[in-house]
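In: predicted model and sequence follow; I will ask about them next.
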Amino acid sequence: MKAIITGTTGQDGSHLADLLLEKGYKVVGTTRRVSVDNTERIKHLLNNENFELVSADITDGSSVMNVLQKHDDAVEFYNLAAQSHVAESFKQPGLTWDITGKGVLNILQTLIDLNMHHVKFYQASSSEMFGASFDTEEDIYKKIGTMEKYQDENTKFLPQSPYAIAKCAAHYMTRLFREGYGLHASAGILFNHEGPRRGETFVTRKITKWIGDFVKSGRSDNFPQLRLGNLEAFRDWGYAGDYVEGMWMMLQQDKADDYVICTGETHTIREFLDVAFKHVDIEDWSQHVVVDPKFYRPAEVDYLRGRNNKAKEKLGWTPKHSFQDLVKLMVDHDTK
């Protein structure tokens, strides 16, 4: 079988390409043409005879059409391309909309225009779409007197950033083409997922990369401090390598649907710092970290904790790595 993956050079795209190749697929990965080498995450795949990297841009409808016409024998299409940095979306809202929002419409419409109903489509949706919205587990409240907050497939969206708004539009567009045109189009509402391949501007990798550089410096007293924003934001963090398996499972279902992929746990950035620094034998990290207001978002998302009951029951998917496993994996990678 052949699959097309947009955003192949990113964290998720590279993990998904690995997974599909292991399963015997031929994989066509797309990347935007840039003047610098952006293939670091997929260097190990470039000589694989079952992997092909092509230049394409989902903001350009003709570019999408060219890829699909050339690879009309593809049976799965995974859209992982996006301007995916939330903070950056406030600085570049138009670009974020064009890639993360409108780009999805270009793909879906092209599938219809080319009558490629045989292609199963996956859209990478995001927990950021929930924003400040959550539901509560009333049964737990009755038992222990505290209200446990969560988000699942039925929680309303209340996006708090241009990125999240663009993701909402793409999510609803995916549903429209599923219900209106009969496409096998599924969306995975993925909560934060990290790993050694995470971009260095994202807070988790920023932390572990700093620790790695600090350790390599010999733990110098003159080493620049780590500057972060809100340390009290709660996130549901999982391992990206686990989450791409959920993507694949969605497209193996007879009926397309939307699924939350998460761990079901939530931890603050402060907790992430605790585990990361303790892994290199630093109990008190306060002298190494500075809270800098410039890293605060204009509109913060304070709490995310997913509930993955549907993915467990219908897909048989569960995360394999714990929060502590994830943090230690990233610290080990960056200290080496």
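Out: That came in fine, so what should we check first?
In: quick one: the strands in the stretch 51-200 of the chain?
Out: Counting by DSSP state E, counting those that start in this stretch, the stretch 51-200 of the chain has strands at residues 51-55, 76-79, 120-126, 135-137, 148-150, 185-190, 193-194.
In: mean neighbour count, distance to Pro298 and mean pLDDT added to those, as JSON lines?
Out: (C-beta placed from N, C-alpha, C; glycine too.) Putting these into JSON lines (neighbours: other C-beta atoms under 10 Å; distance: least, C-beta to C-beta, whole Å; pLDDT from 0 to 100) gives the following:
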{"stretch": "strand 51-55", "mean neighbour count": "17", "distance to Pro298": "34", "mean pLDDT": "96"}
{"stretch": "strand 76-79", "mean neighbour count": "26", "distance to Pro298": "27", "mean pLDDT": "98"}
{"stretch": "strand 120-126", "mean neighbour count": "25", "distance to Pro298": "18", "mean pLDDT": "98"}
{"stretch": "strand 135-137", "mean neighbour count": "14", "distance to Pro298": "25", "mean pLDDT": "84"}
{"stretch": "strand 148-150", "mean neighbour count": "18", "distance to Pro298": "23", "mean pLDDT": "88"}
{"stretch": "strand 185-190", "mean neighbour count": "26", "distance to Pro298": "23", "mean pLDDT": "98"}
{"stretch": "strand 193-194", "mean neighbour count": "26", "distance to Pro298": "23", "mean pLDDT": "96"}
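In: ok, which of these comes nearest Thr208?
Out: strand 193-194 (8.9 Å; C-beta to C-beta).
In: still on that earlier bit, need the strands of the stretch 51-200 of the chain in CSV (columns: distance to Asp302).
Out: Shown next, in CSV, are these (distance: least, C-beta to C-beta, whole Å):
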stretch, distance to Asp302
strand 51-55, 39
strand 76-79, 29
strand 120-126, 16
strand 135-137, 15
strand 148-150, 10
strand 185-190, 18
strand 193-194, 19
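In: so which of those strands gets nearest Ala170?
Out: Ranked by C-beta to C-beta, the member of those that lies closest to Ala170 is strand 120-126, at 6.0 Å.
In: may I have that closest one as CSV, with CA atoms only?
Out: What follows is strand 120-126, C-alpha atoms only, in CSV (Å, rounded to 0.1, in the frame of the first residue of the first chain):
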residue,chain,number,x,y,z
LYS,A,120,-8.6,7.5,3.5
PHE,A,121,-7.8,10.9,4.9
TYR,A,122,-6.3,11.8,8.3
GLN,A,123,-6.4,15.3,9.7
ALA,A,124,-4.1,16.3,12.6
SER,A,125,-6.4,18.2,15.0
SER,A,126,-5.2,19.6,18.3
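In: so how far is stretch 176-196 from its chain's centroid?
Out: 12 Å (C-alpha atoms, centre = their mean, to the nearest Å).
In: show the end-to-end separation of it, please.
Out: Length of stretch 176-196, first residue to last, C-alpha to C-alpha, to the nearest Å: 35 Å.
In: look up how far Glu232 lies from Ile207.
Out: Between Ile207 and Glu232 the computed distance is 15 Å (C-beta to C-beta, to the nearest Å).
In: now Thr136
Out: Taken as C-beta to C-beta, the span from Thr136 to Glu232 is 20 Å.
In: swap in Gln123?
Out: 31 Å.
In: please name the residues that touch Ser63.
Out: Residues in contact with Ser63 (C-beta atoms under 8 Å, 6 or more residues apart in numbering) are Ala56, Asp57.
In: what's the pLDDT at it?
Out: pLDDT, Ser63: 96.
In: got it, and Asp72?
Out: pLDDT, Asp72: 96.
In: what is Thr30 paired to in the beta sheet?
Out: Judged by DSSP bridges, the bridge partners of Thr30 are Thr6, Val54.
In: for the chain, what spans make up the helices?
Out: Counting by DSSP state H, one finds helices in the chain at the ranges 11-22, 61-70, 86-91, 93-96, 103-113, 138-144, 162-181, 203-216, 240-250, 269-278, 309-310, 323-335.
In: do you know which of those helices lies nearest Ala3?
Out: helix 11-22 (5.4 Å).
In: which one in the protein is furthest away from the centre?
Out: Ranked by distance from the centre of the chain (C-alpha atoms, centre = their mean), the top residue is Asp221, with 35.5 Å.
In: look up how far Asp334 lies from that residue.
Out: Per C-beta to C-beta, Asp221 is found 20 Å from Asp334.
In: figure out which of the strands of the stretch 51-200 of the chain is closest to Val36.
Out: When the strands of the stretch 51-200 of the chain are compared (using C-beta to C-beta), the closest one is strand 51-55, at 14.0 Å.
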